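Novice: Requesting a structural model of the entry that follows:
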Amino acid sequence: MRISHYSIAKATSLLSLAALAWIPSCSEAGAVERGLQAELRCKGPLEVDTSDHLLGETIHHAFELENVCPTPLTVDRVTSSCGCSVQTMSVVAGATTTSYHEKEPIPPGATLLLECSVNTTAKRAGPGEAKYDVLFSSAADDQQHLGLVLKFKLMTPITLSPESIDLGNLELGHSKEATVVATSEIIPAFSLSAGSGGDPDVEATCIPRGERITSADGVSLASEWEIHVRVTTTVRGDQERNYMVGLQMKGQDETTARNVPLFVRARVVEGVYAESPALRLGTINPGTTATARFSIHCPQDCEAKSAGVVVADVFDETWLATNLSVTIDGRTDPAVITGQVALQVSDCPASSIRCRVLVPVRSRNQQETRVPLIVYGRIDKAGGSAADDEGK
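Specialist: Numbers count the residues shown, from 1 in each chain. Just a heads-up that it's a prediction; the model follows:
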């Protein structure tokens, strides 16, 4: 059989076209098992667990990202889920390493080093993570995202008892104190100092307990410390305030102090306020009366009366006006007025109750403050038991 030159040329052209069709595209060349990393491929795992670290340490890790595309690409932005993380970048091309700035071209085959540092000073003990989003692009393709995760577990070098401080209600302009005991299972003897981070409302001092020794530079070391915290409110408003006391501990042979946070919470109140404004009546059987007591803090020249109590935010004001009552007992303390809310359940139109009671407190000059109390209750119409309906 004779084969013409035309047939050979035609077959060669077809084979060439097929070969071109088999050349992987840029997006196919960099694809890996964990999803589409079209042009920027992580040489290691996308999710790295750095295991255990002491609270206060700075965690370091470098992700190596290789440009596997035959054309240059750029990293447009790197964002982190953790505000305590700092990222720096450099490019390794052959034997040369240069610092990298966003939107600069990364040559084909070069590796981008994304060096991440996580400061754990203000974190809590336990598992944590920092997520990174790398936005990159090439001249031919749209922008793409590469997700990276740095996991860690933080262990506290000292144990705090209690772990945090809740001062409760704190009247504007007044102070409250609390004490926390610090010990360590890792370091037998250590020094401890405290700082408020420049917050003028917080004072903290550390006092060694039990047997102590003195280091070469004259610093006291002990296995147990008392931390005395004093908070004075200077900011107006009925609001939750969160403070952080920074503790610095150092072992006998250590040159660098470890930072451990102590969290303090207080509710700032002004003048007249209820000690516990939420009054939970629980589950109430029909035909019975449920009661809850309350305490109102106010100056000695103020008085509260049952007359003038306002019930607001209710489903049936007429029913509550008949069945709900407020009684003022008087003062059990020079700065505290006590009283009681009573609810008689009879033909209740609903299965649960949630209403706001405003108790008027008047000063000598007749200036009135209405103190809010929130009353919760659940009517057991079936005769069984049920949990409080606090969230409705």
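Novice: Report the buried residues of the helix or strand containing R378.
Specialist: Element membership of R378, judged by DSSP states H and E, is strand 368-379. Using 16 or more other CB atoms under 10 Å as the test for burial, strand 368-379 gives T369, V371, L373, I374, V375, Y376, G377, R378, I379. Yep, even glycine has a C-beta here, placed from its N, CA and C like the rest.
Novice: same deal with stretch 62-73?
Specialist: Buried positions in stretch 62-73, judged by neighbour count with 16+ other CB under 10 Å: F63, L65, E66, N67, V68, C69, L73.
Novice: Quick check: bridge partners of the second one?
Specialist: Put plainly, it is L65. L65 has the following beta-bridge partners by DSSP bridges: C42, L112.
Novice: what about it, distance to L148?
Specialist: 9 Å (CB to CB, to the nearest Å).
Novice: Common neighbours of the two, please.
Specialist: Taking CB atoms under 8 Å, 6 or more residues apart in numbering as the criterion, L65 and L148 both touch C42, L114, V134.
Novice: quick check, nearest of these to A204?
Specialist: If you rank the shared contacts of L65 and L148 by distance to A204 using CB to CB, L114 comes first, at 37.8 Å.
Novice: With distance to S138 and pLDDT as added columns, please give the buried residues of strand 368-379 in a markdown table.
Specialist: Converted to a markdown table, the buried residues of strand 368-379 look like this (distance: CB to CB, whole Å; pLDDT from 0 to 100):
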| residue | distance to S138 | pLDDT |
| --- | --- | --- |
| T369 | 66 | 78 |
| V371 | 65 | 83 |
| L373 | 64 | 86 |
| I374 | 59 | 87 |
| V375 | 64 | 88 |
| Y376 | 60 | 86 |
| G377 | 65 | 86 |
| R378 | 62 | 86 |
| I379 | 67 | 83 |
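Novice: Am I right that W319 is in a strand?
Specialist: No: assessed with DSSP: H, G, I helix; E, B strand; the rest coil, W319 is helix; it does not lie in a strand.
Novice: show me what contacts it?
Specialist: Counting by CB under 8 Å, 6+ apart, W319 has contacts C348, P349.
Novice: Equivalent analysis for L40, please.
Specialist: Contacts of L40 by CB under 8 Å, 6+ apart are G30, L65, E66, N67, V68, L73, V75, L112, V134, F136, Q144, L146.
Novice: So K43 sits against E64, correct?
Specialist: Yes: distance between K43 and E64: 4.2 Å, which falls inside the contact criterion (CB atoms under 8 Å).
Novice: any residues in contact with both of the two?
Specialist: With contacts taken as CB under 8 Å, 6+ apart, K43 and E64 have T111 as neighbours in common.
Novice: Nearest to V311 among the shared contacts of L65 and L148?
Specialist: V134 (57.5 Å).
Novice: For R41, see how far away A95 is.
Specialist: Per CB to CB, A95 is found 21 Å from R41.
Novice: Of these two, which one has the most company?
Specialist: R41 (19 against 5; other CB atoms under 10 Å).
Novice: ok, the more buried one touching L65?
Specialist: Yes: between R41 and L65 there is a contact under CB under 8 Å: 7.0 Å.
Novice: residues near L221, how many?
Specialist: L221 has 20 neighbours, counted by other CB under 10 Å.
Novice: Tell me how far it lies from V229.
Specialist: Distance of L221 to V229, given as CB to CB: 22 Å.
Novice: Among the contacts of L40, show me the least confident.
Specialist: When the contacts of L40 are compared on pLDDT, G30 comes out lowest, with 36.
Novice: Could you list the low-pLDDT ranges of the stretch 1-150 of the chain?
Specialist: Counting by pLDDT under 70, the stretch 1-150 of the chain has low-confidence residues at 1-38, 140-141.
Novice: residue ranges of the strands in it, please?
Specialist: 40-42, 47-54, 58-67, 73-80, 85-93, 96-99, 105-106, 111-119, 126-138, 144-155 (DSSP state E, counting those that start in this stretch).
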